[in-house]
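Enquirer: Here is my input, please return the structure:
(chains A and B)
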Amino acid sequence: MTGPSQPPTPPPPHDPAHRPPPAWHGPPQGPQGPTAPGGPHVPDPGDDGPVPGLAGLPLRLSPRVLLIDPVRMLPSLLLPFVGLLLAGGFSGTSYGFAALGLFGTVIFAVIRWVTFSYQIVHDRLEIKRSLISRSVRTIPLERVRGVDVSTPPMHRLLGLAVLKIDTGASGGEEEGKLDGVTLDEAERLKVVLLRRAHATREQGPRTEEPAGPTAPAEHTVIGVPRRWLLYGPLSGAYLLTPFALVGGAIGLAFQWGNELGFGRDTAWTVGQWLWDRPYLLLVAVLLLVAAMPFVGGLMYAVFNWDFRLKRRDGYLVAERGLINRRSVSLERRRVRGYEIVDGLVERWAGVARAWAIVTGLGDSSTRGQLLPDVPRAVAFQVVADAIGPYQATLRPHPPVARNRRLFRAVFPWLALTAVTGLAALLTGSLFWWVLLVLALILAGLGVPLGLDRYRSLGHGFDGHRLSVRSGSLRRVQAVVERRAVVGWRVRQTWFQRRAGVFTLIAGVGAGKGGYSAYDVSPAQAVDFPVEVTPDWLAPFLEGSNAP
Amino acid sequence: MTSNGPLRDPAHRVSPKAVRLWLLEALIAFVLLIGGSVLAGGWVSGSGWDWVPDWLEGRWWLLPLAVAVLTTPFLVAEPFVRYAVHRWELSGDVVYARSGFLTREWVFVPVSRIQTVDKAQGWMERMLGLATLEIRTASHAGSSTINGLDYVVAAGLAEQLAHRAEALRDDAT
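Expert: Model (predicted):
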């Protein structure tokens, strides 16, 4: 505490009024600005003055966020009105309660907004909450692995965004979330967070930076053309939407029926009436089934609208969505490979989807997506561009693997056939005969399914990346860098021992954690790990001596 | 891989005391299974439900007997089979371990990729002076657990692995 020898002159170092505005692009030299005017001979010894380029005032979320919660509450206000219109049963108390609820929400939203702030201090982001208990979440910038910006519909109307900061910690609770910053601020924060994170890790604790307002180099790897959205229904995603919608509507009818003026009894009566006319029910179900590809395709188009994959400053950025525009940034250094996924129908149409295999990425099935349905060749080209190519063929697995695939696809249904056949013979009831026919059909379908599963099996290594593939209804080919492999596991069940095959699992510290080659031959089970990581298995090969 | 190509067995067996540990575990499993089936058998045979066949009526001991006949060979064989199968070795900075009973596993973990090495002791292991070594990497599939090591051996191996892992620290995950 030698500094304050001339107490009155220098403004207190933490007085926000004298801090320059959050000019993150400012010149990053030593302390100037706040300390300079008053105390010329006190060069701020050791007092960790903020890096002026980055530190700023504690910032609040955009005040517009205050509109979101009350607007969300509006439907509950409208409900009494609807009741009034439909049944003439306007109830003053329910309106009063709804108004009270809205008022409470507004107050709560204001208090939360006032007590929430965030700030970039030196090399960390601090998020402060002091609503009930005081909490400060500190996220070191070097830990920032990715930034996920999304704009749900309401935010979009107000020009706001939700910013999620991925720190590579397991469990969603550890992440930072700024719900309701302006779009400009989101963009600014994203750039600052990602560049800082990148720079800190690249050059250690050095704070200088060839900074300046240079826009980060951005390069679009692919923008998915709109007509490829037509492939959507083939992916099987969102196909059950019509049923979910009807289910939701029925649930709502039951929940709100009383308030809307028709009782639960009415709903029951309608149900009974439908049940007595099975052909109507059948028509309804058929209509729903017919609507599946259209509604599913529509949902797919809404979520994957204008899908863009970009490369920016060591990050892969995937943007998509019509209503909720979502942008996910993945740090390129953490990407260890990719998965090419195609279902049965997609293969027939020659299209495929792609996901990235990333270390420490939570919720990777939505965040890690690199491509929606695009033609296979394009998918391989894009992942090769963005991550790296796999340039080798896949080796087939031994024929005994085919027998095992066939057995596993057919036998359960055959067993069911036997059981239902016995029951049908004993009881003679139509129900069992129907089941018997169904089981037989499924057993028959098991043959092509088993053969196709065998065709999918394969593994290979091109010198840099290894690849394994399996599955039929949903075929997955995983491609992983050699350096991501952290161990090998070879498994053999009792049945596999009888067949003389193994399951070989490459332990990878990313994605699912392990990628399996099913039913490889004994020679392959040893040769593949030896090929990928020769040093690891060398001491244990026959002929080398135990110590 | 016992009969499999050019890989040889890992050099070291686990402690012979591990057989006792596995026998003890098998005994506990046996008692639980028989106790459960006695309860279930008594309940079903005494219930008088009409789907219960006549020959089961009143014979509560049939179910436990069947369970005992079916499981005893497995429970008796398991400790000895495990003792034959479970082996481990540390050579060339790679841990090579084999384990399993009906399903067998061979695991190769290079020391450079090890993140943590834990040794753990349950109360039965403490009684017998045994320990379990857990070798963890960034991937569950690339992690290894070695059961039934003598405590002294486990402690020594853990120490050795921790030292080597520090020396070889590799950033790749």
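Enquirer: Please state the offset of the helix or strand containing A:Leu287 from the chain centre?
Expert: A:Leu287 is part of helix A:278-304 when elements are defined by DSSP states H and E. In this view, helix A:278-304 has its centroid 26 Å away from the chain centroid, taken as CA atoms, centre = their mean, to the nearest Å.
Enquirer: next one: stretch A:323-333
Expert: Centre to centre, stretch against its chain (CA atoms, centre = their mean), the figure for stretch A:323-333 is 9 Å.
Enquirer: Dump that stretch to PDB, restricted to CA.
Expert: Taking C-alpha atoms only, stretch A:323-333 is exported to PDB below (Å, rounded to 0.1, in the frame of the first residue of the first chain):
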ATOM      1  CA  ILE A 323     -37.700 -18.600 -36.600                       C
ATOM      2  CA  ASN A 324     -35.100 -19.300 -34.000                       C
ATOM      3  CA  ARG A 325     -31.800 -18.500 -35.800                       C
ATOM      4  CA  ARG A 326     -29.100 -20.400 -34.100                       C
ATOM      5  CA  SER A 327     -25.400 -20.100 -34.400                       C
ATOM      6  CA  VAL A 328     -23.000 -22.600 -32.800                       C
ATOM      7  CA  SER A 329     -19.300 -22.000 -32.800                       C
ATOM      8  CA  LEU A 330     -17.000 -25.000 -32.300                       C
ATOM      9  CA  GLU A 331     -13.400 -24.500 -31.600                       C
ATOM     10  CA  ARG A 332     -11.500 -26.100 -34.500                       C
ATOM     11  CA  ARG A 333      -8.800 -27.400 -32.200                       C
END
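Enquirer: how about it: buried residues?
Expert: Under the neighbour-count criterion of 16 or more other CB atoms under 10 Å in any protein chain shown, stretch A:323-333 has A:Asn324, A:Arg325, A:Arg326, A:Ser327, A:Val328, A:Ser329, A:Leu330, A:Glu331, A:Arg332 buried. (C-beta placed from N, C-alpha, C; glycine too.)
Enquirer: what does stretch A:338-358 give?
Expert: Quick answer for stretch A:338-358 (16+ other CB under 10 Å): A:338-344, A:346-347, A:351-358.
Enquirer: Now the helix or strand containing B:Glu166: buried residues?
Expert: Assigned by DSSP H and E, B:Glu166 belongs to helix B:151-168. The neighbour-count check on helix B:151-168 (16+ other CB under 10 Å) flags B:Tyr151, B:Val153, B:Ala154, B:Leu157, B:Ala158, B:Leu161, B:Arg164, B:Ala165 as buried.
Enquirer: By pLDDT, give me the weakest of the residues you listed.
Expert: Least confident by pLDDT among the buried residues of helix B:151-168: that is B:Ala165, with 83.
Enquirer: returning to what we had before: give me the subset of the buried residues of stretch A:338-358 that lies in strands.
Expert: Counting by DSSP state E, those place A:338-343, A:351-358 in strands.
Enquirer: possible to save the buried residues of stretch A:323-333 as JSON lines with distance to B:Met127?
Expert: Below are the buried residues of stretch A:323-333 laid out as JSON lines (distance: CB to CB, whole Å):
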{"residue": "A:Asn324", "distance to B:Met127": "58"}
{"residue": "A:Arg325", "distance to B:Met127": "62"}
{"residue": "A:Arg326", "distance to B:Met127": "56"}
{"residue": "A:Ser327", "distance to B:Met127": "58"}
{"residue": "A:Val328", "distance to B:Met127": "52"}
{"residue": "A:Ser329", "distance to B:Met127": "53"}
{"residue": "A:Leu330", "distance to B:Met127": "50"}
{"residue": "A:Glu331", "distance to B:Met127": "49"}
{"residue": "A:Arg332", "distance to B:Met127": "52"}
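Enquirer: Below-threshold pLDDT in the stretch 351-500 of chain A: ranges please.
Expert: A:362-363 (pLDDT under 70).
Enquirer: Excluding covalently adjacent residues, which one is nearest to whichever residue of it sits closest to chain B?
Expert: Across the stretch 351-500 of chain A, no residue is closer to chain B than A:Gly487, which sits at 2.6 Å (CB to the nearest CB). Of all residues not flanking A:Gly487 in the chain, B:Gly142 sits nearest, at 2.6 Å (CB to CB, 6 or more residues apart in numbering or on different chains).
Enquirer: re earlier: from the buried residues of stretch A:323-333, which single one is nearest chain B?
Expert: For the buried residues of stretch A:323-333, the nearest to chain B is A:Glu331 (12.7 Å; CB to the nearest CB).
Enquirer: From B:Arg113, how far off is the closest one?
Expert: Using CB to CB, to the nearest Å, one gets 21 Å for the distance from A:Glu331 to B:Arg113.
Enquirer: Next: A:Val476.
Expert: 24 Å.
Enquirer: same check, this time on B:Val94
Expert: From B:Val94 to B:Arg113 the distance is 10 Å (CB to CB).
Enquirer: quick one: which of those two has more around it?
Expert: B:Arg113 (26 against 22; other CB atoms under 10 Å in any protein chain shown).
Enquirer: Which pLDDT value belongs to that one?
Expert: In this prediction B:Arg113 is given a pLDDT of 88.
Enquirer: With A:Ala87 instead?
Expert: Predicted confidence (pLDDT) for A:Ala87: 51.
Enquirer: quick one on the thing from earlier: other SSEs contacting the helix holding B:Glu166?
Expert: Packing partners of helix B:151-168 (3 or more CB pairs under 8 Å, 6 or more residues apart in numbering or on different chains; DSSP states H and E): strand B:87-91, strand B:116-120, strand B:130-136.
Enquirer: quick one, which of the ones you listed is packed in tightest?
Expert: strand B:130-136 (a mean of 21; mean count of other CB atoms under 10 Å in any protein chain shown).
Enquirer: Shouldn't B:Gly148 be within a strand?
Expert: Yes. Checked against DSSP: H, G, I helix; E, B strand; the rest coil, B:Gly148 lies within a strand.
Enquirer: Quick check: closest non-adjacent residue to it.
Expert: Nearest one to B:Gly148, counting by CB to CB, 6+ apart, is B:Ala18 at 2.8 Å.
Enquirer: so the one you found sits right up against B:Tyr83, yeah?
Expert: Yes. Counting by CB atoms under 8 Å, B:Tyr83 is a contact partner of B:Ala18 at 6.2 Å.
Enquirer: if you count what's nearby, which of these two comes out ahead?
Expert: For the pair B:Ala18 and B:Tyr83, the greater number of neighbours falls to B:Ala18 (21 against 17), based on other CB under 10 Å.
Enquirer: tell me which element the more buried one falls in.
Expert: Going by DSSP H and E, B:Ala18 is in helix B:17-47.
Enquirer: what do you get for A:Arg404?
Expert: helix A:399-427.
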